[in-house]
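Asker: predicted structure and sequence below. I'll ask about it afterward.
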Amino acid sequence: MGLNRFLQLFIPKESKFFPLLRGQVEDILTASDLLVEFTKTEEHYVRKDLYKQIKELESHCDTLTLTVFEELNHTFITPFDREDIHNLASQLDDVMDLINDGAKRTILYKPEQIPLEITRMAELIKESALCLEIAIGEIDKVRKNPKVAIEQSANIHRIESMADNEYEMFLIKLFRHEQNAIELIKQMEIIQMLESAVDKTEDVADLIRTIIVKYA
Amino acid sequence: MGLNRFLQLFIPKESKFFPLLRGQVEDILTASDLLVEFTKTEEHYVRKDLYKQIKELESHCDTLTLTVFEELNHTFITPFDREDIHNLASQLDDVMDLINDGAKRTILYKPEQIPLEITRMAELIKESALCLEIAIGEIDKVRKNPKVAIEQSANIHRIESMADNEYEMFLIKLFRHEQNAIELIKQMEIIQMLESAVDKTEDVADLIRTIIVKYA
Amino acid sequence: MGLNRFLQLFIPKESKFFPLLRGQVEDILTASDLLVEFTKTEEHYVRKDLYKQIKELESHCDTLTLTVFEELNHTFITPFDREDIHNLASQLDDVMDLINDGAKRTILYKPEQIPLEITRMAELIKESALCLEIAIGEIDKVRKNPKVAIEQSANIHRIESMADNEYEMFLIKLFRHEQNAIELIKQMEIIQMLESAVDKTEDVADLIRTIIVKYA
């Protein structure tokens, strides 16, 4: 580890890992945008088509993740500790999986309606993905100028705390007004997945903070 | 790692990490005590007030956890392997989160009643927290005298196995007698979180055992 | 790590770790076989007896896992990186836990019926366990001849994708036709655990792939 840290000083500025991570974030951003639309439409066939597009992005993001893992096994000097890059890629993949799972569950469960709070949660995922885009976009400059990443990390924490509130308010409403237990289960599971997606973006933000502290 | 292990022989006896870990355990212990009270009261406003106190402890424990992480990034010689301290702090934080989540869900869901088994589960969390207090209290002496930690680890295993039984018996009863599916969901989720809190204390106990074996 | 990788070249061909991992897979295979039977029988007392046998296998597998962990702490040169062996043992233990949990939940919840899809899921666990048996059986030869492990890993991916489909189809059917919310919860939780067991076998397969890439 110490050796790697030393050799990192001589590494070429552009690493093959950064474009892959940025590619993952692009997939997440596009998917979260489609997800907002997905929760807004009332036509099941439109929703199915949007889900198909999300699924393709999930599969593409998967390929990028695997490429990061393979590259890690073949690269001698890495721009950050091997483990940090591995975790970044893996947690970005988790964000994507949760977006996909939320959409998939909605298709499977066919809830009677998609309440406004679910749309709001999708919008928070998108806002958080936008912060990730900026933070990961500057990740190669994080040693010299960590300011951007620190700012975006703080933004994501704010967004996650809003998602937390949104989620709690929704559960209170759901348990107070939904008489149909099966409908309640459907909505509870869908919003849980989307809330977990926001949580995961926060994990990514925390990881970026850890990397900054390490290399400061 | 080998180097760290060697340098650890010369480390000052009192490390800054131990008081932080002990602080986490104190938070957990106080919170579990409040949780027992929380499950026993029938007044919603008393419960809300107790939850507020638990939430503050959760937030305090969070700060301690982050301090451990930051210290780890700035400390050259650590009393145990970096990873072990990181995991200890992180798993103690998980225990605290689950206590807080259990209380929060109860506030959100407003179940018709809090059955005795939920109080019993809160008591088991508290018993396990007491064992953790003793074990973590002696963690600086674990190399010379691992006996205390081993004893407490065995106690926690016994408690976790009791919690397992309690949980199973409760689920059998719930699925046999609760006709109201929504009430069933509420109680199932609340007890699940509290049972996970006990499980997490066992994870901490296992980690302490691993550390003992490593340094024996 | 570099040193370990070098010393591994001189390690005796038969390591004490491989028989332990193989023992874990044998437990999983036997348990999955009992699980198929378990889902097929309609007699509750037969089911209870089969669960007892699964539980004993779970406990035996637990002992093997702990033995791997202890051996890792006492062994200087390991055939693969310490972390890889640790993760293999730990993930095999997770597979076993999920099989046990699926059976336990069925006993606790007493669902009115066990639908064919649950039996099918148990069969997929067994098929995947058979692939693990072959792959782990050859794990000591993975450096010279990774072909067998790669083949079995591909098979497990195919099986997991079938399990995914089976699970989704079942959820659609369940939410469309099951009017009784409590019955729906029971069946949903049971099949979820079994599906997670298949997912975990895929994690093991992925880990084996990672090991192959590392040592190729």
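Answerer: Everything's here; your move. Here the structure is a predicted model, which is why all the values come from computation and not from measurement.
Asker: which non-adjacent residue is nearest residue A:130?
Answerer: residue A:29 (6.7 Å; C-beta to C-beta, 6 or more residues apart in numbering or on different chains). In short, each C-beta sits where N, CA and C put it, glycine included.
Asker: got the contact list for the one you found?
Answerer: Contact analysis of residue A:29 by C-beta atoms under 8 Å, 6 or more residues apart in numbering or on different chains lists A:126, A:129-130, A:132-133.
Asker: next one, pLDDT for it please.
Answerer: We have a pLDDT of 98 for residue A:29.
Asker: helix or strand for it, which one?
Answerer: Of the helices and strands defined by DSSP states H and E, residue A:29 is found in helix A:17-40.
Asker: check whether residue A:31 really touches residue A:101, as I assumed.
Answerer: No. Using C-beta atoms under 8 Å, residue A:31 makes no contact with residue A:101, being 11.4 Å away.
Asker: these two: who's more crowded?
Answerer: Legend: neighbour count by other C-beta atoms under 10 Å in any protein chain shown for residue A:31 and residue A:101, higher for residue A:31 (28 against 18).
Asker: pull up the residues of chain A that are close to chain C.
Answerer: Contact residues, chain A versus chain C (C-beta under 8 Å from any C-beta of the partner chain): A:69-70, A:73, A:104, A:108-110, A:181-182, A:185-186.
Asker: among those residues, which ones are buried?
Answerer: Applying 16 or more other C-beta atoms under 10 Å in any protein chain shown to those, the neighbour count classes A:69, A:104, A:108-109, A:181-182, A:185-186 as buried.
Asker: what is the nearest of these to chain B?
Answerer: When these are compared for distance to chain B (C-beta to the nearest C-beta), residue A:181 wins out at 3.5 Å.
Asker: surely that closest one meets residue B:185?
Answerer: Yes. Contact criterion C-beta under 8 Å: residue A:181 and residue B:185 qualify, at 7.0 Å.
Asker: centre-most residue in chain A?
Answerer: With distances taken as C-alpha atoms, centre = their mean, residue A:95 lies nearest the centre of chain A, 3.2 Å away.
Asker: what residues are up against the residue nearest to that residue when sequence neighbours are not counted?
Answerer: Spatial nearest neighbour of residue A:95, excluding adjacent residues (C-beta to C-beta, 6+ apart): residue A:200 at 4.5 Å. Applying C-beta under 8 Å, 6+ apart, one finds that residue A:200 lies in contact with A:91, A:94-95, A:98.
Asker: now intersect those residues with the strands, please.
Answerer: The strands, defined by DSSP state E, take in nothing from those.
Asker: reformat those as TSV; add pLDDT.
Answerer: What follows is the contacts of residue A:200, written out as TSV (pLDDT from 0 to 100):
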residue	pLDDT
A:91	96
A:94	96
A:95	98
A:98	97
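Asker: and which of the residues you listed is nearest chain C?
Answerer: residue A:94 (13.6 Å).
Asker: shaky segments in chain A?
Answerer: For chain A, the stretches flagged by pLDDT under 70 are A:1-14, A:216.
Asker: what residues does it put near chain B?
Answerer: Going by C-beta under 8 Å from any C-beta, the residues of chain A near chain B are A:168, A:171-172, A:175, A:178, A:181-182, A:184-185, A:188, A:210, A:213-214.
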